[in-house]
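# One predicted model, sequence on top.
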Amino acid sequence: MPVMYRGIIEEHNYTRTAASLFDVSHMGRLHFVGEDVEACLQRLCTRNLADMDVGQCRYGHICREDGGVLDDVIVSRDADRWMMVCNASNREKITAWITRHTAGQKFEMTDTTVATAMLAIQGPVARDECNRLLPFDVKSIRRYRFLSGTYMTFGYVIFRSGYTGEDGFEIVVPAKAVPLLAPRLFGDDSGGANTPIKPGGLGARDTLRLEAGMPLYGHELTEAWDPLTAGQSWCVDLEKDFIGAEAMRRIRDAGPKRTVVGLELEGRRTARQGYEVCSGNGVVGKVTSGCLSPTLGKSIAMALVSTDVADEGRELQVDFNGKRTVCEVVKLPFYRRAKT
């Protein structure tokens, strides 16, 4: 997927007002079968998966023994298999980790990434348009649920999820089916029906997720710190045992020394990853992501800072190569879509 098709701001705003299609086929897609799959995934993932219904998805992390985040993933339970979506850059690392920690178990993993494609349709009209254009009742799918089946000899999975802060779907089909599916979504099929769906690139996908306060691996999530420090305690169940749980319990009991916060900056300069965050004469953290928000018209950022300066409303400064700009700690997310 390119960084942009028509321009990052145009694609960003179009996603917020209509619907964009993002080709996210680079994301890793893994399937698991076997008697021990549930038990193995319970040990691998921070989220409790035991009470998931068939057709349900849950976001969580896979961590090292010390709590460092190896990747953030979405795990889904189907009638005859489990599925996982992981980050493209971490796919080989995660498959190796899973193989290592399921050795000797009745657990079979299949990497379907190359054989399949994944398309994300996101935006306020995504639900109605997908329901109109696709031969499936996608309106009936609830958030973080999915529909799977077979259509015209190929299998499909349609997830009600996304990474933009908007409603929408992520559709997985065989790679060879994309030439049939994409024209239908863009309105270039034989029926000639025009649709409001337009392509979006990686640049808009990043600014959209940042406005929505969603973490990006390598920025807000890394092996250098744990999910609690990353502000993701909501997807960590410390009542169950998993790899990294003991370390995270110690961090919870002592209280994280650092945490990820939102920042609103004065002016329109963009804070880049690695810029120092300061309080008084001291450095209290670093920016993890930043952009000039197209929706809000403000410079926004996420940053990993000391917990003693993380309270909402706190005034800090971001160091732009020796010149400081005032910023304020704000509650995440920066943007919430209107409920429909």
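Everything's here; your move. As the structure is a computational prediction, the values presented were derived from the model and not from experiment.

# can you list the domains in the chain?
8-206, 257-340 (automatic domain parsing).

# Select, out of these, the one closest to Lys240.
domain 8-206 (5.6 Å; Cβ to Cβ). Every C-beta, even on glycine, is put in place using the N, C-alpha and C of the backbone.

# just how off-centre is that closest one within its chain?
10 Å (Cα atoms, centre = their mean, to the nearest Å).

# rewinding a little: got the domains of the chain as a markdown table, with mean neighbour count, distance to Gly231 and mean pLDDT columns?
Shown next, in a markdown table, are the domains of the chain (neighbours: other Cβ atoms under 10 Å; distance: least, Cβ to Cβ, whole Å; pLDDT from 0 to 100):
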| stretch | mean neighbour count | distance to Gly231 | mean pLDDT |
| --- | --- | --- | --- |
| domain 8-206 | 18 | 12 | 95 |
| domain 257-340 | 17 | 4 | 96 |
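
# now these in TSV, with distance to Ala224?
Below are the domains of the chain laid out as TSV (distance: least, Cβ to Cβ, whole Å):
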stretch	distance to Ala224
domain 8-206	6
domain 257-340	9
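
# Which strands or helices does the strand ranked longest in the chain pack on?
The single longest strand within the chain, with elements called by DSSP state E, is strand 282-292. Secondary-structure packing of strand 282-292 (3 or more Cβ pairs under 8 Å, 6 or more residues apart in numbering; DSSP states H and E): helix 202-211, strand 258-265, strand 276-279, strand 299-306, strand 315-320.

# Now tabulate those in a markdown table and tack on distance to Tyr14.
Converted to a markdown table, these look like this (distance: least, Cβ to Cβ, whole Å):
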| stretch | distance to Tyr14 |
| --- | --- |
| helix 202-211 | 8 |
| strand 258-265 | 24 |
| strand 276-279 | 32 |
| strand 299-306 | 20 |
| strand 315-320 | 29 |
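
# pretty sure Pro294 is touching Asn13, no?
Yes. If you go by Cβ atoms under 8 Å, Pro294 and Asn13 touch, sitting 5.6 Å apart.

# coming back round to it: between the domains of the chain, which one is closest to Ala247.
Here domain 8-206 is closest among these (Cβ to Cβ), at 4.0 Å.

# End to end on that closest one, go ahead and measure it.
9 Å (Cα to Cα, to the nearest Å).

# Show me the strands in the stretch 51-200 of the chain, by range?
56-63, 69-77, 82-86, 108-111, 116-122, 146-151, 154-159, 168-174, 197-199 (DSSP state E, counting those that start in this stretch).

# measure the closest residue to Val37 other than its chain neighbours to Glu312 for me?
In this structure, Val37 finds its nearest non-sequential neighbour in Trp82, 5.2 Å apart by Cβ to Cβ, 6 or more residues apart in numbering. Here the criterion is Cβ to Cβ, to the nearest Å. By it, Trp82 lies 38 Å from Glu312.

# what's the answer for Tyr59, then?
In terms of Cβ to Cβ, Tyr59 sits 24 Å off from Glu312.

# does Glu328 sit in a helix or strand, and which one?
strand 323-330 (DSSP states H and E).

# Quick check: the residue nearest to Val37 touching Leu41?
Yes. With contact defined as Cβ under 8 Å, Trp82 reaches Leu41; the gap is 6.3 Å.

# Spell out which residues are contacts of both of these two.
Jointly contacting Trp82 and Leu41 under the rule Cβ atoms under 8 Å, 6 or more residues apart in numbering are 32, 75.

# my guess is Thr15 meets Ile197, correct?
No. At 10.2 Å, Thr15 does not count as touching Ile197 under the criterion of Cβ under 8 Å.

# Pull up the overlap in contacts between those two.
Joint contacts of Thr15 and Ile197 (Cβ under 8 Å, 6+ apart) are Gly123.

# Return the distance of Gln122 relative to Glu35.
37 Å.
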